[in-house]
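>>> Turn this into a model:
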Amino acid sequence: MSLMLLCGHAQLAFSSPDIRKELRPNIGSLPIYLFNSKPTRDYFASVGGNYDLILKPWRDFFQSRGAAYSEIQNGELKPDLKPGVLILPSVVALDPADNSAIQAFEKAGGSIIATWATGARNGNAKWLGYDFLNEQFGIKVSGEITRKNKDKDNFLVIFGETPVAHSLPAGSRIWFDQINILPMQITGGANVAGRFLDVANTPGTQANEAIVYTETGASRRAYFAFSETLWQFQQNDIYSLLDDTLDWLRRRPSAYLANWPYPYRSAQIVEMDTELGFPNALRLANMLDSNGLQGSFYCLTSIAARHPDILKQLEGKHELAYHGDVHESFKGQSGKIQSQRLDAMRHDIESMVTTPASMTGFRPPYELYDQTTESLLFEKGYGHLLVDSYGSRAMLPYLASASPKDFLKGLIVLPRTHRGDMDFGINGAAETDMSKAMNDDLDQTLEIGSLGVLSLHSENFEAGSAVIKATGALLTHIKQVGNKIWVAPGGKVTAWWRERSLIKFNFTADTLQLNITIAKPGLSRNASIVISNPVRGAAPRIVATKAGMPSALTVPMDDYSTAVILNTSAPGKYSYNLNYH
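Numbers count the residues shown, from 1 in each chain. Sure thing, here's the model as predicted:
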């Protein structure tokens, strides 16, 4: 297969002749201004606050990066300010003259980033509402996010592969607890890069957009719905977010390896814990077959051993994996007992399947295991572990703590990121509610660009059950989504992340050169590298640096991206120059 590079395409016209002048290697050298607003400082003081607590995180960030910036006062924010990036740090009180200067700055090609309730009051601290945010970012603000439940919506969840947050893995969670300045409750952003969610990543029922970005005319704009007081909880992640956002605002291209095979935006595993009611597994298998999909069946081997005919039928089209010997927790058991159980598990059914060596997945009963379990799984040659998502900092596969830190060789953990049938309150659960929850989880996986895992149980798959009907509706929804989501068994997802690790690259934004290395044995699926472009709709020409190197073809993807196909999957080193002229 081929390696693909994703870059911005050129179907849209440039919005301003001035932008063309910026499409040169120095596009990232634009000045950065931090606006120190006196009316806002006065307003904070009037309510017992200190505006320096808002400005200090920005100053600390720039100091940590050794980056140049200018801190400007009200009199210095003028209509003729040289275009660059203007930071509006929770500038609650905005004078009309400053507002006019901001608009002139944007019209001249300047970009802005605003946080929290910027522009909600005028220069005299009189309440205006949220018209400034609506006009700048196209969002609707309905006030602050309430915290009636202290565990509700207290994670900032980052979307994967967006130009303003690409350094953070898809589904990264930035925790915040008791803060004095609550985030804004917003909706309507044209491009969303993050939302506020709860600890279980439950799709929100309220306006919960946290990061939005857009490009209007000659100006790029980004908005964080939270104030700088949130930065204290996971500063390194926030700094990565700021790096990406400022690069994008300064029109500095960046590159990152896509999470999933091209053309997929996200991935989905449909798995069954196959235990009591073991024959019911065929119902799910038949549903998947009729939709042209593959699933994973994690078998409780003491029960599976009684159904060799069903194992054979499942093995023909789907993945078989292990769910334990008996339904007892592995956590806390001695290494000797755990090792014996893992060996017994294999012994139970290895003679009943055609390719027992392909059964390298494990899902512990009750999702309870420990580091001893991980170590033994790695030692015994298992490839992946599918468990809950609480051990993950994101919604992507990751390496088990007890394995080598090498995706090519290590034990890969697949986090269960969706609500499963056991989470829906099976007894008396309404089919429509369950179906909506499953579909909402899938839509959120697609939006975040993450791994989705739906866990079902054979005992709940009796004929006519609400779980079966809801699952059928989900499979229909998956077909409607099309090739945006890759539905694959756990073993194939694991194999992809091993293959993905064969790709190394470096991208130099100043010279716009992209160097790629594909290690042996090469690729079997289409991989992608994403390039964020300096202007919406401006596609680069991509030219090999040496004669005889594989050419690249461009395929438009959306307003911000184009797939550029490198016609090779062979191991080797490849180098390309990007040109925006």
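>>> And the residue nearest the centre of the chain, how close does it get to E76?
Against the mean C-alpha coordinate of the chain, by C-alpha atoms, centre = their mean, the closest residue is A170 at 1.9 Å. Distance, A170 to E76, by C-beta to C-beta, to the nearest Å: 39 Å. The C-beta positions use only the backbone N, C-alpha and C, and glycine is treated the same way.
>>> Likewise for H318?
For H318 relative to E76 (C-beta to C-beta), the value is 65 Å.
>>> In terms of packing, which of those two has more residues around it?
H318 (22 against 13; other C-beta atoms under 10 Å).
>>> Quick check: that one touching G295?
Yes - using C-beta atoms under 8 Å, H318 makes contact with G295 at a distance of 5.1 Å.
>>> okay, and the common contacts of those two?
Both H318 and G295 are contacted by A285, L288, P489, under the criterion C-beta atoms under 8 Å, 6 or more residues apart in numbering.
>>> Please work out how many residues are found near the first one.
Neighbourhood size, A285 [other C-beta under 10 Å]: 21.
>>> hang on, it packs against H318?
Yes - taking C-beta under 8 Å as the definition, A285 is a contact partner of H318 at 5.8 Å.
>>> tally of neighbours for S375?
Other residues near S375 number 18, with proximity taken as other C-beta under 10 Å.
>>> what do you get for N99?
Residues near N99, counting by other C-beta under 10 Å: 17.
>>> could you give the mean pLDDT of the helix or strand hosting it?
Using DSSP states H and E, N99 sits in helix 96-107. Mean per-residue pLDDT for helix 96-107: 96.
>>> Going forward, count from 59.
Happy to do that; since the first residue is 59 now, the last one works out to helix 154-165.
>>> which helix of this protein spans the most residues?
When secondary structure is assigned using DSSP state H, the longest helix within the chain turns out to be helix 489-506.
>>> Give me the residues contacting the helix or strand following that helix.
Counting by DSSP H and E, the next helix or strand C-terminal to helix 489-506 is strand 509-515. Defining contact as C-beta under 8 Å, 6+ apart, one finds that strand 509-515 is touched by 324-331, 333-335, 342, 444, 453-455, 472-476, 478-480, 496, 499-500, 503, 525, 529, 532, 543, 551.
>>> from those residues, which would you call buried?
Taking 16 or more other C-beta atoms under 10 Å as the criterion, what is buried in these is 324-331, 333, 342, 444, 453-455, 472-476, 478-479, 496, 499-500, 503, 525, 529, 532, 543, 551.
>>> Can you list which of those are found in helices?
Judged by DSSP H, helices contain the following of the buried ones among the contacts of strand 509-515: L342, M496, D499, L500, T503, V525, T529, L532, V551.
>>> Please name the residues that touch the third one.
To tie it back to what came earlier, the one meant is D499. P261, T475, H476, R477, G510, L512.
>>> Burial check on Q121, number of neighbours?
10.
>>> And for N541?
Residues near N541, counting by other C-beta under 10 Å, number 9.
>>> Go ahead and confirm it touches P319.
No - taking contacts as C-beta under 8 Å, N541 lies outside contact range of P319: 10.3 Å.
>>> hey, what's in contact with both of those two?
With C-beta under 8 Å, 6+ apart, N541 and P319 have no common neighbours.
>>> Quick check: which ranges of the protein have low pLDDT?
When residues are selected by pLDDT under 70, those of the chain lie in 59-86, 205-211, 236-237, 263, 483-487, 611-614, 621-622, 624-625.
>>> Next, count neighbours for the closest residue in space to V270 that isn't next to it in sequence.
Nearest residue to V270, sequence neighbours excluded (C-beta to C-beta, 6 or more residues apart in numbering): G247, at 2.9 Å. G247 is flanked by 20 other residues according to other C-beta under 10 Å.
>>> you'd agree G247 is up against F195?
Yes - assessed by C-beta under 8 Å, G247 is found in contact with F195 at 6.5 Å.
>>> Common neighbours of those two, please.
Each of V270, T272, Y281 lies in contact with both G247 and F195 under the rule C-beta under 8 Å, 6+ apart.
>>> Of those - the most surrounded one?
Of these, with other C-beta under 10 Å as the count, Y281 tops at 27 neighbours.
>>> ok, what's across the strand from that residue?
A172, V270 (DSSP bridges).
>>> E432 against S461, yeah?
Yes - between E432 and S461 a contact is recorded at 6.6 Å, counting by C-beta under 8 Å.
>>> circling back: return the closest of the contacts of D499 with respect to I160.
P261 (34.6 Å; C-beta to C-beta).
>>> mind checking how far that closest one is from L500?
Taking C-beta to C-beta as the measure, P261 falls 10 Å from L500.
>>> coming back round to it: does the residue nearest to the centre of the chain count as helix, strand or coil?
Classification of A228 by DSSP: H, G, I helix; E, B strand; the rest coil places it in coil.
>>> do G133 as well
Applying three-state DSSP: G133 is helix.
>>> Tell me, how many residues neighbour it?
Neighbours of G133 (other C-beta under 10 Å): 9.
>>> same check, this time on D616
D616: 10 neighbours (other C-beta under 10 Å).
>>> measure it to G252 for me?
19 Å.
>>> Turn the shared contacts of H376 and G353 into CSV, columns for distance to T98.
Shown next, in CSV, are those (distance: C-beta to C-beta, whole Å):
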residue, distance to T98
A343, 61
L346, 57
P547, 54
